[in-house]
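Chemist: Need a 3D model of the following:
(one chain, ligands or ions: 2)
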Amino acid sequence: MDRPFIFINSAMSADGKISTWQRKQVRISGAIDFDRVDRLRCGSDAIMVGIGTVLADDPSLTVKSVQRKIERKEKGFDENPVRVIIDSQARTPIDADIFKKGEGRRIVVVSSSAPSENVKALRRKAMVIIAGESRVDLPDAMEQLYLLGINRLMVEGGATLNWAMLSSGLVDEIYTFVGNVIIGGQVAPTLVDGEGFKDTSTLPLELISAEKIEQGILLKWKVLNFQ
Ligand SMILES: NC(=O)c1ccc[n+]([C@@H]2O[C@H](COP(=O)([O-])OP(=O)(O)OC[C@H]3O[C@@H](n4cnc5c(N)ncnc54)[C@H](O)[C@@H]3O)[C@@H](O)[C@H]2O)c1
Ligand SMILES: Nc1nc(=O)c(N)c(NC[C@H](O)[C@H](O)[C@H](O)COP(=O)(O)O)[nH]1
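Modeler: Ligands and ions are numbered 1, 2, ... in the order given. A predicted model of the protein is given here:
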């Protein structure tokens with residue numbers, strides 16, 4: 001199956017949480033890390049999140065640096081990478097910041113069981129593609145994105161989508177900034193949630209690099225997917 005090169009980028013606390021138990025974002029990293037994320041966004045063809053992240057954070061997923069936006073334009077790209085939402089039931093609010101902020105294409109991936117009126121409303125804001133019946137079929141979705149010209153895809157969470165992508169063997173690399181805060185909370189989302197592996201299986205990783213940035217550490221992992 002042809003698919004893009006796919007990497008996850010996330011910021012997590014020293015105890016592995018990516019938000020509070022009320023699903024609120026807190027400052028985990030500083031300005032240097034936000035700039036690193038901006039550089040990654042700028043160099044990607046698309047940035048993808050799950051509907052849970054859209055509903056919790058309402059992110060815009062735009063490139064923030066004016067200089068980088070100019071560079072993208074000079075290379076003939078849109079100012080922002082394509083913004084992709086994985087949203088089985090087409091629940092994305094039509095006034096979401098992803099639609100309101102910044103120029104560039106948006107794609108919402110829904111399943112064939114998504115309510116048709118929601119899909120119709122979203123089509124006015126974005127390209128809607130269908131993959132899967134009750135839930136988005138991620139391998140199918142990744143192939144469709146690849147056929148639309150997306151070669152490098154950045155996944156910005158959340159916890160459930162990270163699990164679904166990793167457990168489907170769809171992730172090549174993971175970049176996590178581990179910040180100098182403890183968030184705590186049994187139900188606070190972690191880097192990877194979902195149902196977890198059923199037995200004692202684990203997904204092996206290979207460490208690419210570990211770099212101290214401000215008071216935290218950036219870990220880069222290569223995913224050694226099962227063959
Ligand atoms: N710190 C960070 O870097 C960071 C980044 C992004 C999100 N977050 C946090 O993550 C939390 C949101 O994570 P989440 O797990 O609730 O939502 P999510 O963003 O992972 O979205 C998950 C949802 O996607 C939908 N979906 C559709 N098809 C799917 C499939 N095949 N597999 C799995 N899901 C599928 C389902 O409705 C599912 O509930 C928020 O609290 C947010 O603040 C943190
Ligand atoms: N690098 C980083 N450090 C943090 O301390 C933190 N809380 C996040 N969280 C990731 C989350 O996805 C951000 O809130 C996005 O940066 C939102 O994207 P926009 O600014 O709306 O484009 N990311």
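
Chemist: For the rest of this, base every contact and every neighbour count on C-alpha atoms.
Modeler: Fine.

Chemist: for stretch 10-29, which positions count as buried?
Modeler: For stretch 10-29, the neighbour count (16 or more other CA atoms under 10 Å) marks 10-14, 16-21, 23, 28-29 as buried.

Chemist: Any part of that stretch near ligand 2?
Modeler: Yes - against ligand 2, stretch 10-29 shows contacts by CA under 6 Å from any ligand atom at Ala11, Gln25, Val26, Arg27, Ile28, Ser29.

Chemist: which residues are in contact with the host helix or strand of Arg39?
Modeler: Per DSSP states H and E: Arg39 is located in helix 31-42. Contacts of helix 31-42 with the rest of the structure, by CA atoms under 8 Å, 6 or more residues apart in numbering, involve 9, 47, 62-65, 68-69, 72, 80-81, 154, 177, 213-214.

Chemist: Same check on stretch 216-227?
Modeler: 29, 169, 171-180, 203-212.

Chemist: ok, 7 Å please
Modeler: 169, 171-180, 204-212 (CA atoms under 7 Å, 6 or more residues apart in numbering).

Chemist: Could you list which of those residues belong to strands?
Modeler: Members of those lying in strands (criterion: DSSP state E): 173-178, 205-212.

Chemist: from those residues, which is closest to ligand 2?
Modeler: Phe177 (7.0 Å; CA to the nearest ligand atom).

Chemist: just checking, that closest one touches Ser13?
Modeler: No - counting by CA atoms under 7 Å, Phe177 does not reach Ser13; the two are 8.3 Å apart.

Chemist: For the chain, what lies in contact range of ligand 2?
Modeler: So the chain meets ligand 2 at 11, 25-29, 33-34, 37, 59-62, 156 (CA under 6 Å from any ligand atom).

Chemist: need the strands for this structure, in chain order.
Modeler: Going by DSSP E, the chain shows strands at 5-12, 46-50, 82-86, 106-110, 127-130, 152-155, 173-178, 205-213, 216-223.

Chemist: CSV for these, including mean pLDDT?
Modeler: Converted to CSV, the strands of the chain look like this (pLDDT from 0 to 100):
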stretch, mean pLDDT
strand 5-12, 98
strand 46-50, 98
strand 82-86, 99
strand 106-110, 98
strand 127-130, 98
strand 152-155, 98
strand 173-178, 98
strand 205-213, 98
strand 216-223, 98
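
Chemist: Make CSV from those and add distance to Phe99 to it.
Modeler: Shown next, in CSV, are the strands of the chain (distance: least, CA to CA, whole Å):
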stretch, distance to Phe99
strand 5-12, 22
strand 46-50, 14
strand 82-86, 9
strand 106-110, 7
strand 127-130, 11
strand 152-155, 18
strand 173-178, 26
strand 205-213, 32
strand 216-223, 30
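
Chemist: Contact residues of this structure facing ligand 1?
Modeler: Counting by CA under 6 Å from any ligand atom, the residues of the chain lying close to ligand 1 are 10-12, 18-19, 23-25, 49-53, 56-57, 86-88, 135-138, 156-161, 164, 189.

Chemist: Can you flag the buried ones in these?
Modeler: For the residues of the chain next to ligand 1, buried by 16+ other CA under 10 Å: 10-12, 18-19, 23, 49-53, 86-88, 135-138, 156-161, 164, 189.

Chemist: if you look at these, which of them are in helices?
Modeler: Ile51, Gly52, Thr53, Leu138, Ala159, Thr160, Leu161, Ala164 (DSSP state H).

Chemist: Can you give me the distance of Ser116 to Ala90?
Modeler: 9 Å (CA to CA, to the nearest Å).

Chemist: who has more neighbours, these two?
Modeler: Ala90 (25 against 12; other CA atoms under 10 Å).
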